[in-house]
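Participant: let me see the structure of the following:
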Amino acid sequence: MKGIRHIMALLLLIVSQGVFAQSDDFGFDLSLQGQKKFLNKRMTLNVEGNFRTQDHTKRAERYSLSVGLKYKLIDHKKWTLTGGLEYSHLWVQNLAECDTAQYEPKYTYYNADDNGMFYEVEEEEYDGKSGIDPIYKGYNVGYNYTNRHWRQRDRYSVSLGLKYEPNKRWSFSWVEIVQYSHYYKKDADRRVYREKYRLDDDDNLSLKETVDSMRIKTYTGKDRVMLKSRLGVSYNIRNCPLNPFFDVEYGCGLNYTNNRWKFTIGSELSLGKKDDLEFFYRYKHENDEEDPNGHYIGLGYTHKF
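Facilitator: Below you'll find the model as predicted:
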């Protein structure tokens, strides 16, 4: 029990570091899955449905359906080596792709022609030879808001996992996953809104013009490959249906620049020989502007056929 207290203290420290990041998002992660073992219980078929919320639980983030197979390549008394294949189809609504705002100062630029006459030009045409420095005329407050939209993905995963169980209480795991995702092309409505300001006679900014229009933004299809490594530990409490666990996962983009950390702490609750309930807290740290950092409270139900 002393070792468990040390682990719990470490996990609470990790969790507290994420909780105090006020700009992070928060949501729920709910899943329902069924499992069936065959081939002398060496192979497991898993079918899962998942639903997540975002924007502090106010909006849906993701729906997904997954089917996977796992096969025990080595089934020793204490060691188990498992290979796996999985396919998922996802419907994702990512708010981080929708909102952008920029504050851009505006200037008037003048060049001189061969006769010494001055004429106004765009910034990229300004040559600086007229002797007239750029004249500040105010600023543009620009908002480009892409309407919320759903975008589909296909995801394929290949995994290799090693589990070590030194006794009936402790279990340690290590999983390596290569994940390929295909993002479908998507056309989304985008609102372009501009307010143009200039200095008036008293050197105060005054509104000159407002422009409001709708356009189409096309998100082209793309393919991403990620390598994920996951380390986990769980403990079977004597004479108790709870099996607490903790795992940490690091993901690294192989064909794009990104890295991701996930920290998960939770417990499995046995409801009988065929039914299990899992609840957890997860903190996700992203290095990708399309996916914000976030906290999740998760609940999952599994039935074994």
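Participant: hey, C-alpha coordinates of stretch 85-93 in PDB?
Facilitator: C-alpha atoms of stretch 85-93 as PDB (Å, rounded to 0.1, in the frame of the first residue of the first chain):
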ATOM      1  CA  LEU A  85      -4.900  -4.100 -36.100                       C
ATOM      2  CA  GLU A  86      -7.600  -1.500 -35.900                       C
ATOM      3  CA  TYR A  87      -9.800   0.600 -38.200                       C
ATOM      4  CA  SER A  88     -11.800   3.700 -37.100                       C
ATOM      5  CA  HIS A  89     -14.100   6.100 -38.900                       C
ATOM      6  CA  LEU A  90     -14.400   9.500 -37.200                       C
ATOM      7  CA  TRP A  91     -16.700  12.500 -37.500                       C
ATOM      8  CA  VAL A  92     -14.700  15.500 -36.000                       C
ATOM      9  CA  GLN A  93     -15.700  19.100 -35.200                       C
END
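Participant: shaky segments in the stretch 101-250 of the chain?
Facilitator: The stretch 101-250 of the chain contains residues with pLDDT under 70 at 101-105, 137-144, 193-201, 203-211.
Participant: can you rerun that using 90?
Facilitator: 101-108, 113-117, 122-125, 128-149, 168, 188-219, 238-241 (pLDDT under 90).
Participant: can you pull out the strands in it?
Facilitator: Ranges of strands in the stretch 101-250 of the chain, per DSSP state E, counting those that start in this stretch, are 118-121, 135-146, 151-164, 170-183, 186-199, 205-219, 222-235, 242-253.
Participant: wait, which of those strands is closest to Y107?
Facilitator: strand 135-146 (5.6 Å; C-beta to C-beta). Using the backbone N, CA and C atoms, a C-beta is placed for each residue, glycine as well.
Participant: want to throw the strands of the stretch 101-250 of the chain into JSON lines with distance to I297?
Facilitator: Shown next, in JSON lines, are these (distance: least, C-beta to C-beta, whole Å):
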{"stretch": "strand 118-121", "distance to I297": "57"}
{"stretch": "strand 135-146", "distance to I297": "28"}
{"stretch": "strand 151-164", "distance to I297": "23"}
{"stretch": "strand 170-183", "distance to I297": "23"}
{"stretch": "strand 186-199", "distance to I297": "29"}
{"stretch": "strand 205-219", "distance to I297": "30"}
{"stretch": "strand 222-235", "distance to I297": "19"}
{"stretch": "strand 242-253", "distance to I297": "16"}
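Participant: out of these, which gets nearest to L32?
Facilitator: Of the strands of the stretch 101-250 of the chain, the one closest to L32 (C-beta to C-beta) turns out to be strand 151-164, at 18.4 Å.
Participant: got the buried residues for the closest one?
Facilitator: R151, R153, R155, S157, S159, G161, K163 (16 or more other C-beta atoms under 10 Å).
Participant: how many residues are close by the nearest residue in space to K185 that is not next to it in sequence?
Facilitator: Nearest residue to K185, sequence neighbours excluded (C-beta to C-beta, 6 or more residues apart in numbering): G221, at 4.3 Å. Other residues within reach of G221, judged by other C-beta atoms under 10 Å, total 11.
Participant: which residues does F279 bridge with?
Facilitator: S267, L299 (DSSP bridges).
Participant: one step back: turn the buried residues of strand 151-164 into JSON lines, columns for distance to Q54.
Facilitator: JSON lines is the format used below for the buried residues of strand 151-164 (distance: C-beta to C-beta, whole Å):
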{"residue": "R151", "distance to Q54": "14"}
{"residue": "R153", "distance to Q54": "16"}
{"residue": "R155", "distance to Q54": "18"}
{"residue": "S157", "distance to Q54": "23"}
{"residue": "S159", "distance to Q54": "26"}
{"residue": "G161", "distance to Q54": "29"}
{"residue": "K163", "distance to Q54": "32"}
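Participant: which of the residues you listed lies closest to A188?
Facilitator: For those, the closest approach to A188 (C-beta to C-beta) belongs to R151, at 8.3 Å.
Participant: residues touching that closest one, list them.
Facilitator: Counting by C-beta atoms under 8 Å, 6 or more residues apart in numbering, R151 touches W91, V92, Q93, N94, Y183, Y184, K186, Y219.
Participant: number of residues surrounding the closest residue to K72 other than its chain neighbours?
Facilitator: Leaving aside its sequence neighbours, K72 sits nearest to R42 (C-beta to C-beta, 6+ apart; 4.5 Å). Residue crowding around R42 was assessed by other C-beta under 10 Å; the count is 13.
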